[in-house]
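J.: Fold the following, please.
(one chain, ligands or ions: 3)
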Amino acid sequence: MNSVKHMAIIMDGNGRWGLKHRKSRNLGHKEGLKTVEMVMRYCIKNQVKFLTLYAFSTENWKRPLKERNYLFNLLEIYIKEKLEKIHKEKIRIKILGEKNFSKRLNKLLDFAEKKTLKNTRMQINLALNYGSKKELVYAFNKIKKKKRISENDINNSLYTKNIPDPEILIRTGNTQRLSNFLLWQAAYTEIFFEKKLWPDFKNEDLNKIMKRFSKIKRNFGKI
Ligand code: IPE
Ligand code: IPE
Ligand code: MG
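T.: Ligands and ions are numbered 1, 2, ... in the order given. Below you'll find the predicted structure:
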(Lines give C-alpha, C1' and ligand atoms only; values in the text may rest on other atoms or scores of the structure.)
(Ligands and ions follow the chains in the order given, each with its own letter.)
Protein backbone atom coordinates (compact mmCIF):
# COMPACT_ATOMS: atom_id res chain seq x y z
CA MET A 1 0.00 0.00 0.00
CA ASN A 2 1.28 3.46 -0.86
CA SER A 3 2.02 5.66 2.10
CA VAL A 4 2.09 9.44 2.14
CA LYS A 5 5.00 11.33 3.61
CA HIS A 6 4.37 14.56 1.79
CA MET A 7 1.08 16.07 0.70
CA ALA A 8 1.03 19.28 -1.34
CA ILE A 9 -2.08 21.36 -1.90
CA ILE A 10 -3.10 24.15 -4.25
CA MET A 11 -5.81 25.71 -2.14
CA ASP A 12 -7.92 27.21 -4.89
CA GLY A 13 -11.47 28.52 -4.98
CA ASN A 14 -11.65 30.86 -2.00
CA GLY A 15 -12.62 33.88 -4.07
CA ARG A 16 -15.44 32.10 -5.86
CA TRP A 17 -16.70 30.68 -2.57
CA GLY A 18 -16.84 34.14 -1.03
CA LEU A 19 -18.62 35.62 -4.04
CA LYS A 20 -21.16 32.82 -4.00
CA HIS A 21 -21.96 33.19 -0.34
CA ARG A 22 -21.66 36.87 0.39
CA LYS A 23 -20.42 38.73 -2.65
CA SER A 24 -16.99 39.09 -1.07
CA ARG A 25 -13.91 37.24 -2.30
CA ASN A 26 -12.16 38.00 0.97
CA LEU A 27 -14.78 36.18 2.99
CA GLY A 28 -13.74 33.06 1.10
CA HIS A 29 -10.13 33.53 2.11
CA LYS A 30 -11.16 33.72 5.74
CA GLU A 31 -13.38 30.67 5.45
CA GLY A 32 -10.53 28.80 3.77
CA LEU A 33 -8.56 28.91 7.01
CA LYS A 34 -10.97 26.37 8.48
CA THR A 35 -10.00 23.93 5.76
CA VAL A 36 -6.33 24.60 6.51
CA GLU A 37 -6.96 23.62 10.12
CA MET A 38 -8.79 20.48 9.06
CA VAL A 39 -5.98 19.39 6.73
CA MET A 40 -3.36 20.03 9.40
CA ARG A 41 -5.23 17.84 11.86
CA TYR A 42 -5.66 15.18 9.22
CA CYS A 43 -1.95 15.10 8.48
CA ILE A 44 -0.98 14.87 12.13
CA LYS A 45 -3.43 12.04 12.67
CA ASN A 46 -2.31 10.14 9.60
CA GLN A 47 1.42 10.64 10.03
CA VAL A 48 1.84 12.71 6.92
CA LYS A 49 5.14 14.35 7.84
CA PHE A 50 5.17 17.18 5.32
CA LEU A 51 2.26 19.36 4.28
CA THR A 52 2.93 21.99 1.65
CA LEU A 53 0.27 24.65 1.21
CA TYR A 54 0.27 27.00 -1.75
CA ALA A 55 -0.90 30.23 -0.15
CA PHE A 56 0.38 33.00 -2.42
CA SER A 57 2.05 32.70 -5.81
CA THR A 58 4.56 35.00 -7.48
CA GLU A 59 1.72 35.75 -9.93
CA ASN A 60 -0.76 36.62 -7.18
CA TRP A 61 0.92 40.05 -6.91
CA LYS A 62 -1.21 40.92 -9.95
CA ARG A 63 -4.30 40.94 -7.74
CA PRO A 64 -5.73 44.21 -6.40
CA LEU A 65 -3.89 45.70 -3.45
CA LYS A 66 -6.96 45.38 -1.29
CA GLU A 67 -7.12 41.63 -1.72
CA ARG A 68 -3.38 41.22 -1.24
CA ASN A 69 -3.46 43.22 1.95
CA TYR A 70 -6.40 41.24 3.22
CA LEU A 71 -4.52 37.99 2.62
CA PHE A 72 -1.31 39.17 4.30
CA ASN A 73 -3.30 40.51 7.21
CA LEU A 74 -5.13 37.23 7.60
CA LEU A 75 -1.83 35.38 7.59
CA GLU A 76 -0.36 37.70 10.18
CA ILE A 77 -3.31 37.35 12.53
CA TYR A 78 -3.40 33.60 12.05
CA ILE A 79 0.28 33.11 12.85
CA LYS A 80 0.16 35.39 15.86
CA GLU A 81 -2.85 33.54 17.17
CA LYS A 82 -1.69 29.99 16.49
CA LEU A 83 2.08 29.97 16.72
CA GLU A 84 2.25 28.95 20.37
CA LYS A 85 -0.15 26.07 19.78
CA ILE A 86 1.68 24.96 16.65
CA HIS A 87 4.95 25.01 18.51
CA LYS A 88 3.51 23.04 21.42
CA GLU A 89 2.32 20.42 18.99
CA LYS A 90 5.90 20.12 17.76
CA ILE A 91 5.12 21.32 14.27
CA ARG A 92 7.78 23.04 12.22
CA ILE A 93 6.88 25.93 9.97
CA LYS A 94 8.92 26.60 6.88
CA ILE A 95 8.34 29.26 4.27
CA LEU A 96 8.94 28.37 0.64
CA GLY A 97 9.52 31.56 -1.30
CA GLU A 98 11.26 34.89 -0.86
CA LYS A 99 9.98 36.97 1.99
CA ASN A 100 9.32 40.32 0.43
CA PHE A 101 6.24 41.43 2.32
CA SER A 102 5.99 44.22 4.87
CA LYS A 103 8.86 44.41 7.32
CA ARG A 104 6.49 43.33 10.05
CA LEU A 105 5.26 40.26 8.24
CA ASN A 106 8.76 39.29 7.11
CA LYS A 107 9.93 39.46 10.71
CA LEU A 108 6.99 37.44 11.96
CA LEU A 109 7.61 34.74 9.36
CA ASP A 110 11.30 34.60 10.27
CA PHE A 111 10.35 34.36 13.91
CA ALA A 112 7.89 31.52 13.30
CA GLU A 113 10.50 29.60 11.30
CA LYS A 114 13.20 30.04 13.92
CA LYS A 115 10.96 29.25 16.86
CA THR A 116 9.77 25.97 15.35
CA LEU A 117 13.01 24.99 13.63
CA LYS A 118 13.73 21.99 15.83
CA ASN A 119 10.23 20.56 15.83
CA THR A 120 10.11 17.17 14.18
CA ARG A 121 6.60 15.79 14.55
CA MET A 122 5.41 17.39 11.37
CA GLN A 123 6.43 20.16 8.97
CA ILE A 124 4.18 22.67 7.31
CA ASN A 125 5.67 24.34 4.28
CA LEU A 126 3.89 27.55 3.47
CA ALA A 127 4.45 28.46 -0.16
CA LEU A 128 4.33 32.24 -0.02
CA ASN A 129 5.43 34.45 -2.87
CA TYR A 130 6.25 31.07 -4.32
CA GLY A 131 6.75 30.33 -7.99
CA SER A 132 8.35 27.18 -9.26
CA LYS A 133 10.18 29.01 -12.03
CA LYS A 134 11.54 31.57 -9.60
CA GLU A 135 12.67 28.74 -7.34
CA LEU A 136 14.51 27.04 -10.19
CA VAL A 137 16.22 30.28 -11.20
CA TYR A 138 17.25 30.73 -7.56
CA ALA A 139 18.64 27.19 -7.49
CA PHE A 140 20.52 27.53 -10.79
CA ASN A 141 22.09 30.78 -9.64
CA LYS A 142 23.37 29.08 -6.52
CA ILE A 143 25.16 26.40 -8.50
CA LYS A 144 26.09 28.19 -11.70
CA LYS A 145 29.82 28.10 -10.94
CA LYS A 146 29.84 24.30 -11.08
CA LYS A 147 31.21 22.69 -14.21
CA ARG A 148 28.64 19.94 -14.16
CA ILE A 149 25.28 20.20 -12.50
CA SER A 150 23.65 17.03 -11.17
CA GLU A 151 20.03 16.37 -10.19
CA ASN A 152 21.18 16.29 -6.61
CA ASP A 153 22.78 19.72 -6.92
CA ILE A 154 19.43 21.06 -8.03
CA ASN A 155 17.48 19.20 -5.32
CA ASN A 156 19.84 20.62 -2.73
CA SER A 157 19.50 24.17 -3.94
CA LEU A 158 15.72 24.40 -4.12
CA TYR A 159 13.63 25.91 -1.33
CA THR A 160 12.54 22.32 -0.67
CA LYS A 161 16.04 21.08 0.15
CA ASN A 162 15.82 18.04 2.46
CA ILE A 163 12.09 17.67 1.88
CA PRO A 164 11.03 14.53 0.00
CA ASP A 165 9.04 15.04 -3.18
CA PRO A 166 5.28 14.96 -2.61
CA GLU A 167 3.48 11.69 -3.26
CA ILE A 168 0.19 13.54 -3.53
CA LEU A 169 -0.75 16.90 -4.99
CA ILE A 170 -4.30 18.12 -4.58
CA ARG A 171 -5.83 21.10 -6.34
CA THR A 172 -9.29 22.16 -5.29
CA GLY A 173 -11.47 24.64 -7.17
CA ASN A 174 -12.27 22.69 -10.33
CA THR A 175 -9.26 23.82 -12.34
CA GLN A 176 -6.73 21.47 -13.87
CA ARG A 177 -3.39 23.19 -13.96
CA LEU A 178 -0.30 23.55 -11.77
CA SER A 179 -0.07 27.35 -11.75
CA ASN A 180 3.70 27.38 -11.27
CA PHE A 181 3.68 25.02 -8.26
CA LEU A 182 6.43 22.45 -7.58
CA LEU A 183 7.15 21.78 -11.26
CA TRP A 184 10.41 19.99 -10.50
CA GLN A 185 9.31 18.23 -7.33
CA ALA A 186 6.06 16.92 -8.80
CA ALA A 187 7.76 14.94 -11.58
CA TYR A 188 6.25 11.70 -10.24
CA THR A 189 3.52 12.99 -7.96
CA GLU A 190 -0.02 11.64 -8.14
CA ILE A 191 -2.27 14.60 -8.92
CA PHE A 192 -5.86 14.92 -7.73
CA PHE A 193 -8.06 17.64 -9.16
CA GLU A 194 -10.99 18.30 -6.90
CA LYS A 195 -14.15 20.03 -8.05
CA LYS A 196 -15.00 21.50 -4.67
CA LEU A 197 -13.87 25.00 -3.74
CA TRP A 198 -11.26 25.10 -0.97
CA PRO A 199 -13.65 26.18 1.83
CA ASP A 200 -16.00 23.32 0.89
CA PHE A 201 -13.25 20.70 0.95
CA LYS A 202 -13.84 18.38 3.89
CA ASN A 203 -12.27 15.55 5.82
CA GLU A 204 -14.27 12.96 3.87
CA ASP A 205 -12.92 14.33 0.57
CA LEU A 206 -9.40 13.90 1.85
CA ASN A 207 -10.25 10.37 2.95
CA LYS A 208 -11.50 9.56 -0.53
CA ILE A 209 -8.34 10.89 -2.13
CA MET A 210 -6.13 8.94 0.26
CA LYS A 211 -8.09 5.80 -0.49
CA ARG A 212 -7.75 6.32 -4.23
CA PHE A 213 -4.06 7.04 -3.79
CA SER A 214 -3.46 3.89 -1.79
CA LYS A 215 -4.70 1.80 -4.72
CA ILE A 216 -2.66 3.46 -7.45
CA LYS A 217 0.07 1.44 -9.09
CA ARG A 218 2.99 3.82 -9.04
CA ASN A 219 5.34 2.75 -11.80
CA PHE A 220 8.12 5.30 -11.86
CA GLY A 221 8.83 4.14 -15.38
CA LYS A 222 8.90 0.45 -14.55
CA ILE A 223 6.20 -2.03 -15.49
C1 IPE B 1 -6.89 30.60 -3.84
O2 IPE B 1 -8.18 31.04 -4.03
C3 IPE B 1 -6.19 31.36 -2.78
C4 IPE B 1 -5.18 32.30 -3.27
C5 IPE B 1 -4.71 32.38 -4.46
C6 IPE B 1 -4.64 33.19 -2.27
P7 IPE B 1 -8.52 32.11 -5.14
O8 IPE B 1 -8.45 33.45 -4.51
O9 IPE B 1 -7.65 31.94 -6.32
O10 IPE B 1 -9.99 31.74 -5.47
P11 IPE B 1 -10.67 31.74 -6.91
O12 IPE B 1 -9.90 30.78 -7.74
O13 IPE B 1 -10.58 33.13 -7.43
O14 IPE B 1 -12.06 31.31 -6.64
C1 IPE C 1 -2.91 29.22 -7.46
O2 IPE C 1 -4.18 29.73 -7.56
C3 IPE C 1 -2.15 29.90 -6.37
C4 IPE C 1 -2.61 29.62 -5.02
C5 IPE C 1 -3.54 28.79 -4.67
C6 IPE C 1 -1.89 30.32 -3.99
P7 IPE C 1 -4.54 30.89 -8.59
O8 IPE C 1 -5.99 31.13 -8.45
O9 IPE C 1 -3.65 32.04 -8.38
O10 IPE C 1 -4.19 30.21 -9.97
P11 IPE C 1 -4.62 30.63 -11.44
O12 IPE C 1 -4.24 32.06 -11.63
O13 IPE C 1 -6.08 30.44 -11.55
O14 IPE C 1 -3.86 29.69 -12.31
MG1 MG D 1 -7.89 30.85 -8.05
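J.: List the residues that contact Leu183.
T.: Residues counted as contacts of Leu183 (CB atoms under 8 Å, 6 or more residues apart in numbering) are 132-133, 136. Every C-beta, even on glycine, is put in place using the N, C-alpha and C of the backbone.
J.: Looks to me like Asn125 is in a strand.
T.: Yes. Note on Asn125: a strand contains this position according to DSSP: H, G, I helix; E, B strand; the rest coil.
J.: Read off the pLDDT value for it.
T.: Each residue has a pLDDT score; the one for Asn125 is 98.
J.: what bridges to it?
T.: Bridge pairing for Asn125 (DSSP bridges) gives the partners Thr52, Lys94.
J.: which one among the contacts of Leu183 gets closest to ligand 1?
T.: Ser132 (14.9 Å; CB to the nearest ligand atom).
J.: Just say helix, strand or coil for the residue lying closest to that closest one once chain neighbours are set aside.
T.: With CB to CB, 6 or more residues apart in numbering as the criterion, Ser132 has its nearest non-adjacent residue at 4.0 Å, and that residue is Leu183. Recorded secondary structure, Leu183: coil (three-state DSSP).
J.: What's the separation between Glu67 and ligand 1?
T.: Separation of Glu67 from ligand 1 (CB to the nearest ligand atom, to the nearest Å) stands at 8 Å.
J.: what mean pLDDT would you report for the helix or strand harbouring that residue?
T.: Using DSSP states H and E, Glu67 falls within helix 65-88. For helix 65-88, mean pLDDT is 98.
J.: same question, stretch 47-60
T.: The average pLDDT within stretch 47-60 is 98.
J.: Can you point out the buried residues in it?
T.: Neighbour-count burial for stretch 47-60, with 16 or more other CB atoms under 10 Å as criterion, is recorded at 48-58, 60.
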